[in-house]
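>>> how would this look folded up:
(one chain, ligands or ions: 1)
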Amino acid sequence: MTDVAERLEELRERGLHRRLRLVEGAQGPTVALDGRPVLLLCSNNYLGLADRAEVREAAAAAALRWGAGSGASRLISGNMEPHRELEARLAAFKGCEEALLFGSGYLANAGVIAALAGRGEVVFSDELNHASIVDGCRLSRAETVVYRHGDLEHLASCLRRAGDRASLIVTDGVFSMDGDVAPLSQLLELARRHGARLMVDEAHATGAIGPGGRGSVAAAGLSGEVDVVVGTLGKALGSYGAYACASAETIEFLVNSARPFIFSTAPPPSAAGAALAALDILEAEPGLVERLQANAEILRGALGAEGLDVGRSATQVVPVAVGEAEATMALCERALERGVFAQGIRPPTVPEGSCRLRFTAMATHRPQELTAAAREVGAAAREVGVTEPRALAA
Ligand SMILES: Cc1ncc(COP(=O)(O)O)c(C=O)c1O
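As a prediction, the model looks like this:
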């Protein structure tokens, strides 16, 4: 056996082996998954914009006008009109001075954190932050202090211990696997008190919460006050790519120091065109966000009514606690047989023993589809014996 085969075998034994499933067609509320029709309940296409005609047409029009690719990084020859236009729109939407596009949310987090914190400094990261934040902290070479989830007292004591080495507090706005919202006002206050910056990742907040879907920072009334707000174009905005919003000075610094920005090809014009069309729709149809939030509430309520533990979810991200990896995947498969697709989530995406199905509501689901799906998941859970899940919110 090769060492790779051995490592694959070990993953299988631990119930952590992953395989790709094939979705046929666009990310609609129902899809064919490996040939089987299912209700799609784990896409981040929260507002249905990835499969909306105007957004697809805008992507196609941008490709026809500007080309299929950008040809180079922004600092070489890849800086094009659609990039500049989208950055201006994003900055205005988020209430910040300027915005800067990145190739993806993963790259934005990796680049911004590593640019803003360095050796000899301390970054404070919530224990449930997304892997791209974790990797950004590693790349920065700063000391990383992981504080207990949303625990302000713990964070305050860590900040006191770090003294003037405290550099950056970083948090998901809406937590990607739990669906709860970070206490941003208190985090900003702590940052200010200890001379640190605050960075918020709005990947699951943009288009989902806050006035007109402006995100968790706007929801907390802090637009323009948080040092760096990162978000992705790949979820509610239905496209691909990402952005950081900050002061003009900070953006100028990122242009000069964020390595994933400097050393990677600019996003394609089609991605910028699609995101611009998505912002047009979001601004013209705030009702979409309301529909998403109403659907999320229906989903949380219906899953809860089946005796399933949805933890501290307050948004469209709705986890159903299971516990161990094998039981989680058994429930995932049984739910699929009943026509419901919510992916099982295992370590390292979530901590050991807190495996779950991660449901996501979309604005394009019909309420009755959500309640019927919850009944199917409840029945599947009883069939596979997931009746006393380990609680998510300890
Ligand atoms: C909180 C969070 N940040 C960043 C990312 C990465 O964004 P992208 O998919 O654009 O790389 C994700 C996506 O999974 C996420 O959940």
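>>> for the rest of this, base every contact and every neighbour count on C-alpha atoms.
Noted.
>>> domains of this structure?
17-46+286-384, 53-284 (automatic domain parsing).
>>> and the strands in the chain?
23-24, 30-33, 36-40, 98-102, 122-126, 143-147, 166-172, 197-201, 228-232, 242-246, 317-323, 340-341, 344-345, 355-360 (DSSP state E).
>>> the inter-axis angle of the fifth one versus strand 166-172?
Put simply, strand 122-126 runs at 20 degrees to strand 166-172, going by axes from the mean of the first three to the mean of the last three Cα atoms, to 10 degrees.
>>> now the angle from strand 122-126 to strand 197-201?
40 degrees.
>>> for strand 122-126, what is the average pLDDT?
What strand 122-126 shows for mean pLDDT is 98.
>>> what strands flank it, and is each parallel or antiparallel?
Here strand 122-126 has these sheet partners by DSSP bridges: strand 143-147 (parallel), strand 166-172 (parallel).
>>> ok, now the last one?
Strand 355-360 has its sheet partners listed here by DSSP bridges as strand 317-323 (antiparallel), strand 344-345 (antiparallel).
>>> the ligand: which of these is closest?
Proximity to the ligand, assessed across these by Cα to the nearest ligand atom, is greatest for strand 317-323 (10.3 Å).
>>> close to the ligand: what parts of the stretch 201-350 of the chain are there?
201, 203, 232, 234, 241-242 (Cα under 6 Å from any ligand atom).
>>> wait, which of those is closest to residue 214?
Taking Cα to Cα as the measure, residue 214 lies nearest residue 203 of those, at 11.3 Å.
>>> next up, the contacts around the closest residue to that closest one other than its chain neighbours.
Excluding the flanking residues, the one nearest residue 203 by Cα to Cα, 6 or more residues apart in numbering is residue 231, at 4.7 Å. By Cα atoms under 8 Å, 6 or more residues apart in numbering, residue 231 lies in contact with 105, 201-203, 206, 242-244.
>>> likewise for residue 95?
223-224.
>>> per-residue pLDDT, it?
pLDDT recorded at residue 95 is 97.
>>> please, where are all the helices along the stretch 51-200 of the chain?
When secondary structure is read from DSSP state H, counting those that start in this stretch, the stretch 51-200 of the chain shows helices at 53-66, 81-94, 105-116, 131-140, 152-162, 184-193.
>>> mind checking those for the one nearest to the ligand?
That would be helix 105-116 among the helices of the stretch 51-200 of the chain, by Cα to the nearest ligand atom, at 3.3 Å.
>>> what about that closest one, average pLDDT?
Model confidence over helix 105-116 averages 98 on the pLDDT scale.
>>> residues in contact with the residue nearest to residue 329 when sequence neighbours are not counted?
Among residues not flanking residue 329 along the chain, residue 344 sits closest, at 5.6 Å (Cα to Cα, 6+ apart). By Cα under 8 Å, 6+ apart, the residues touching residue 344 are 328-329, 332, 355-358.
>>> now residue 35. Nearest residue, chain neighbours left out?
Nearest residue to residue 35, sequence neighbours excluded (Cα to Cα, 6+ apart): residue 24, at 7.5 Å.
>>> what residues does the stretch 51-200 of the chain put near the ligand?
By Cα under 6 Å from any ligand atom, the residues of the stretch 51-200 of the chain that approach the ligand are 104-106, 130, 132, 172, 176.
>>> if I look at residue 243, how far off is residue 201?
With distances taken as Cα to Cα, to the nearest Å, residue 243 is found 10 Å from residue 201.
>>> need the residue closest to the centroid of this structure.
The chain has residue 203 as the residue nearest its centroid, 3.7 Å off, counting by Cα atoms, centre = their mean.
>>> these two touch, right, that one and residue 230?
Yes. Between residue 203 and residue 230 a contact is recorded at 7.3 Å, counting by Cα atoms under 8 Å.
>>> where do the contact lists of these two overlap?
In contact with both residue 203 and residue 230: residue 105, using Cα under 8 Å, 6+ apart.
>>> low-scoring pLDDT stretches of the protein, where are they?
Along the chain, the parts satisfying pLDDT under 70 run over 388-391, 393-394.
>>> let's go with 80 and repeat that
Along the chain, segments meeting pLDDT under 80 span 387-394.
>>> next, count neighbours for residue 157.
Residues near residue 157, counting by other Cα atoms under 10 Å, number 11.
>>> run through the residues that contact the closest residue to the ligand within the stretch 251-394 of the chain.
Closest to the ligand within the stretch 251-394 of the chain is residue 349: 9.9 Å, counting by Cα to the nearest ligand atom. Counting by Cα under 8 Å, 6+ apart, residue 349 makes contact with 130-131.
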